[in-house]
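give me the fold of what follows.
(2 chains)
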Amino acid sequence: GESVGLHLPTLSVQEGDNSIINCAYSNSASDYFIWYKQESGKGPQFIIDIRSNMDKRQGQRVTVLLNKTVKHLSLQIAATQPGDSAVYFCAENRYSGAGSYQLTFGKGTKLSVIP
Amino acid sequence: EAGVVQSPRYKIIEKKQPVAFWCNPISGHNTLYWYLQNLGQGPELLIRYENEEAVDDSQLPKDRFSAERLKGVDSTLKIQPAELGDSAVYLCASSLRTFGGEQFFGPGTRLTVL
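Sure thing, here's the model as predicted:
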């Protein structure tokens, strides 16, 4: 079936190092992807998005890479800080017809930053 | 600007009891979503509203779940009767529009059914 999934459930990194969180998707027709950050007790928070006509997009300390050939995207966080500790979800914003889109989330990767 | 507001934040009930969750979206956001999030999982869409109209409720278990957004602003999600398996976090989100619009999430209501 079609799904959005993550390679690793947990990731521990040293403060100051770079973090890379991976995500695989199976729907080749997907044209829009979003990364969300969810801290404990809070709702998901938008980090960065990317459309399928792009390979890379950069934000503040974050970069998303999209490889359509292997249906893979990644989130890179530079100089990881303790405040980056959270669960990260990739989500696929899939067109569901009649001008509507549906957001489908993967399982999530828990990032722990070691001081 | 206030974000998406949800209440209550926590709710503990016994099985077979009814429960209701309330959501106030960001002002001006026409699209409102209710999601279910199980522990360790990503949110799953239950229902989406465009103003007061439910335009996607295919994932809502209609035998026990109901939702309304009467005036196109606040929304209520109800479960009656609740079952043990309904224990989860119920998230509300809103966006300006459905087409590629960024969804802003509330803090969620954590439901525990005993």
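
where in the chain is pLDDT low?
Assuming you mean chain A. Confidence mapping of chain A against pLDDT under 70 gives the ranges A:1-8, A:97-100.

switch to chain B, that's the one I care about
Ranges of chain B meeting pLDDT under 70: B:1, B:98-101.

got the residues of it near chain A?
B:4, B:33, B:40-45, B:48, B:55-56, B:91, B:93, B:98-100, B:102-108 (CB under 8 Å from any CB of the partner chain). In this view, the C-beta of every residue, glycine as well, is placed from N, C-alpha and C.

next one: the spatially most central residue of chain B from A:V62, what distance?
Taking CA atoms, centre = their mean, the centroid of chain B lies closest to B:W34, which sits 3.0 Å from it. Using CB to CB, to the nearest Å, B:W34 is found at 28 Å from A:V62.

can you list the helices and strands that the strand or helix carrying A:W35 packs against?
Following DSSP states H and E, one finds A:W35 within strand A:32-38. When contacts are defined as 3 or more CB pairs under 8 Å, 6 or more residues apart in numbering or on different chains; DSSP states H and E, strand A:32-38 sits against strand A:19-25, strand A:45-51, strand A:62-67, strand A:86-97, strand A:100-105.

quick check, the third one touching chain B?
No. No part of strand A:62-67 sits near chain B under the criterion CB under 8 Å from any CB; the closest distance found is 14.5 Å.

each with direction, which strands does whichever helix or strand comes after that strand pair with?
Following strand A:62-67 in sequence order, the next helix or strand is strand A:72-77 (DSSP H and E). In the sheet, strand A:72-77 lines up against strand A:19-25 (antiparallel), strand A:62-67 (antiparallel) (DSSP bridges).

quick one: strand A:72-77 to strand A:32-38, angle?
40 degrees (axes from the mean of the first three to the mean of the last three CA atoms, to 10 degrees).

buried residues in strand A:72-77?
A:73-77 (16 or more other CB atoms under 10 Å in any protein chain shown).

measure B:D86 to A:G16 for me?
42 Å.

all strands of chain B, in order?
B:5-7, B:10-13, B:19-24, B:31-37, B:44-50, B:53-56, B:65-68, B:75-79, B:88-95, B:104-105, B:109-113 (DSSP state E).

does anything pack onto the third one? Which helices or strands?
Right, strand B:19-24. strand B:5-7, strand B:10-13, strand B:75-79, strand B:88-95, strand B:109-113.

what packs against the shortest one?
With contacts taken as 3+ CB pairs under 8 Å, 6+ apart, strand B:5-7 sits against strand B:19-24, strand B:88-95.

now swap in the last one and tell me
For strand B:109-113, the packing partners by 3+ CB pairs under 8 Å, 6+ apart come out as strand B:10-13, strand B:19-24, strand B:88-95.

quick revisit: highest mean neighbour count out of the strands paired with strand A:72-77?
strand A:19-25 (a mean of 20; mean count of other CB atoms under 10 Å in any protein chain shown).

just the CA atoms of that one, as PDB, please.
Extracted in PDB, the C-alpha atoms of strand A:19-25 (Å, rounded to 0.1, in the frame of the first residue of the first chain):
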ATOM      1  CA  SER A  19      21.500  15.600  12.500                       C
ATOM      2  CA  ILE A  20      20.000  13.800   9.600                       C
ATOM      3  CA  ILE A  21      16.500  12.300   9.800                       C
ATOM      4  CA  ASN A  22      15.400  10.200   6.900                       C
ATOM      5  CA  CYS A  23      12.000   9.400   5.400                       C
ATOM      6  CA  ALA A  24      10.800   7.100   2.600                       C
ATOM      7  CA  TYR A  25       7.600   7.400   0.700                       C
END
